[in-house]
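# the sequence isn't on hand, but the structure is:
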DNA sequence: TCATTAAATTGTT
DNA sequence: AACAATTTAATGA
């Protein structure tokens, strides 16, 4: 019962770091090559094992990257919010996608064809810099996670998930106030809604977030990150 | 604009 | 998982 996707591709691109250095004509040309598809809540944006033909961005909504662990339990690798792009790893290596992408709510998803991605890679320094920063940030996130995850309690996992979702380096357009239900936070952190609720209350008591109806406000991103160990 | 109702979300057990 | 309480959104007077 989330609001239907409202943002459009143009706004999303203009708020992306890599797009800001392009000439308006270049940007409109790229915009024309990108397809936007609307995905209902809980739907698959793309599945593990599929051939990777696009770089994928979140125009509106919220998605998560999940993987199935050896025992078959779904594990959320990370969430991606408005303005986020992903899939460049498999696109660069020309390999099948390594994880499922699932929408947590009704979302608008942008699909940039491989040819467009490659052309940007060849012509835009800002685009290359963006990818470098993004890969580095992700690397730091995942290293921090595998380092701490088994030692961390549910509270810290929620903190870590939120910190990655509010990462200003990856998602400059995301404000510190995000409309996300506690149920969705639970999905992101791999917890039940009840446990996510307790974790959020603990984080609020610690002064890191402010809980509102249907959303949260992040008061201390650095605190969240250190809380989660990443 | 206000009151009523339904739906969504949250807090608790 | 189930329940009650609270908030929001929608509807109509």
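Looks like it came in fine. Quick caveat: nothing in here was measured; it's all calculated off a predicted structure.

# buried ones in the helix-or-strand element of chain A with minimal mean pLDDT?
In chain A, no helix or strand scores lower on mean pLDDT, DSSP states H and E than strand A:74-80, which sits at a mean of 85. Going by neighbour count (16 or more other CB atoms under 10 Å), the buried part of strand A:74-80 is A:76-80. From N, CA and C alone the C-beta is placed, and that goes for glycine too.

# which residues does the residue with the largest distance to the centre of chain A contact?
Outermost residue of chain A with respect to the C-alpha centroid, by CA atoms, centre = their mean, is residue A:25; its distance is 27.9 Å. Contact analysis of residue A:25 by CB atoms under 8 Å, 6 or more residues apart in numbering lists nothing.

# which helices and strands does the helix or strand containing residue A:188 pack with?
In this structure, residue A:188 sits in helix A:182-189 according to DSSP states H and E. Helices and strands touching helix A:182-189, by 3 or more CB pairs under 8 Å, 6 or more residues apart in numbering; DSSP states H and E, are strand A:74-80, helix A:154-165, helix A:193-205.

# quick revisit: any chance of the buried residues of strand A:74-80 in JSON lines, plus distance to DNA strand C?
Shown next, in JSON lines, are the buried residues of strand A:74-80 (distance: CB to the nearest atom of the strand, whole Å):
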{"residue": "A:76", "distance to DNA strand C": "18"}
{"residue": "A:77", "distance to DNA strand C": "23"}
{"residue": "A:78", "distance to DNA strand C": "25"}
{"residue": "A:79", "distance to DNA strand C": "22"}
{"residue": "A:80", "distance to DNA strand C": "24"}
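
# what separation is there between residue A:209 and DNA strand C?
17 Å (CB to the nearest atom of the strand, to the nearest Å).

# make that residue A:32, sorry
32 Å.

# closest to residue A:65 out of the helices and strands packed on helix A:182-189?
For the helices and strands packed on helix A:182-189, the distance to residue A:65 is smallest for strand A:74-80, at 4.4 Å, taking CB to CB.

# what is the neighbour count of residue A:120?
Using other CB atoms under 10 Å, residue A:120 has 21 other residues around it.

# residue contacts, it?
Contacts of residue A:120 by CB under 8 Å, 6+ apart are A:18, A:30, A:127.

# and the contacts of the least confident helix or strand of chain A?
Against strand A:74-80 from outside (CB under 8 Å, 6+ apart): A:58, A:62-69, A:86, A:99, A:104, A:138, A:141-142, A:161, A:164-165, A:171, A:187-190.

# and if we set it to 7 Å?
Contact with strand A:74-80 is made by A:58, A:62-69, A:86, A:99, A:141, A:161, A:164-165, A:187-188, A:190, as judged by CB atoms under 7 Å, 6 or more residues apart in numbering.
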